[in-house]
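>>> Would you be able to build a 3D model of this:
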Amino acid sequence: MSKYRHISKEDIDLIVRELDKWALGELGSKLTWKVIVDQFGFSRQSLQAKPQIKAAYDNAKQSLSGGLVKSKQQTESEYEKLLVELERTKLELESYKNKEQLWLRRWQQIAFNIRQKGIQVSDIDKGADCSDDELPSRNETSKILRPFDREIPPSGRV
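Have a look, this model is predicted:
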């Protein structure tokens with residue numbers, strides 16, 4: 001009497017589901033026929049003779065060898081790298097939020113001071129009536145605006 005039994009339809013379905021787990025990387029990355037033989041108790045020849053099992057095995061092997069499935073160490077390493085990147089991005093975002101708040105506060109101050117002079121902000125904030133070629137370059141604009149970045153001395157007004 002053979003030590004292997006015949007494969008039923010239920011056995012085929014169970015083995016195919018197990019091989020699908022292998023294809024998704026849920027069970028590791030070292031799939032061999034010996035692993036399947038030892039797990040289910042059927043001969044390699046019997047397993048390979050069933051087209052559904054052979055196709056599922058070939059699919060799992062292709063997924064594992066094609067780099068579609070990653071080892072646990074690779075996944076953990078990528079996870080750690082992503083956590084570091086996420087923390088860095090959070091800090092960067094916080095920095096930008098702080099800069100935005102400072103910028104908004106500054107422009108609110110400017111708008112308030114313009115109103116105090118009796119000028120409407122909408123009169124100041126108009127688009128240029130000239131082409132981009134006629135506008136100053138960034139360097140020129142920076143040189144023009146640099147004196148305005150200094151602290152304005154008190155006017156003596158109360």
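>>> Every contact and neighbour count from this point should use C-alpha atoms.
Will do.
>>> Mind checking what helix or strand follows the longest helix anywhere in the chain in sequence?
Longest helix in the chain by number of residues (criterion: DSSP state H): helix 72-116. Along the chain past helix 72-116, the next helix or strand (assigned with DSSP states H and E) turns out to be helix 121-124.
>>> looking only at pLDDT, what's the mean for that following helix?
The average pLDDT within helix 121-124 is 77.
>>> Name the residues of it that come out as buried.
Neighbour counts over helix 121-124 (16 or more other C-alpha atoms under 10 Å) mark no residue as buried.
>>> Go ahead and name everything in contact with it.
111, 114-115 (C-alpha atoms under 8 Å, 6 or more residues apart in numbering).
>>> Going by neighbour count, which of those comes out on top?
Using other C-alpha atoms under 10 Å as the neighbour criterion, A111 leads the contacts of helix 121-124 with 16 neighbours.
>>> lowest confidence element among the helices and strands of the chain?
helix 121-124 (a mean of 77; mean pLDDT, DSSP states H and E).
>>> how close does the one residue sitting closest to the centre of the chain sit to G25?
A centroid search over the chain (C-alpha atoms, centre = their mean) returns L82, at 8.0 Å, as the residue closest to the centre. Taking C-alpha to C-alpha, to the nearest Å as the measure, L82 falls 20 Å from G25.
>>> what about the residue nearest to the centre of the chain, distance to L91?
According to C-alpha to C-alpha, L82 stands 14 Å off from L91.
>>> if we can go back for a sec, could I get the least confident helix or strand of the chain in CSV with only the CA atoms?
Coordinates of each C-alpha in helix 121-124 appear next as CSV, following Å, rounded to 0.1, in the frame of the first residue of the first chain:
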residue,chain,number,x,y,z
VAL,A,121,-5.3,97.3,0.1
SER,A,122,-7.2,96.5,-3.1
ASP,A,123,-5.6,99.7,-4.6
ILE,A,124,-2.2,98.3,-3.8
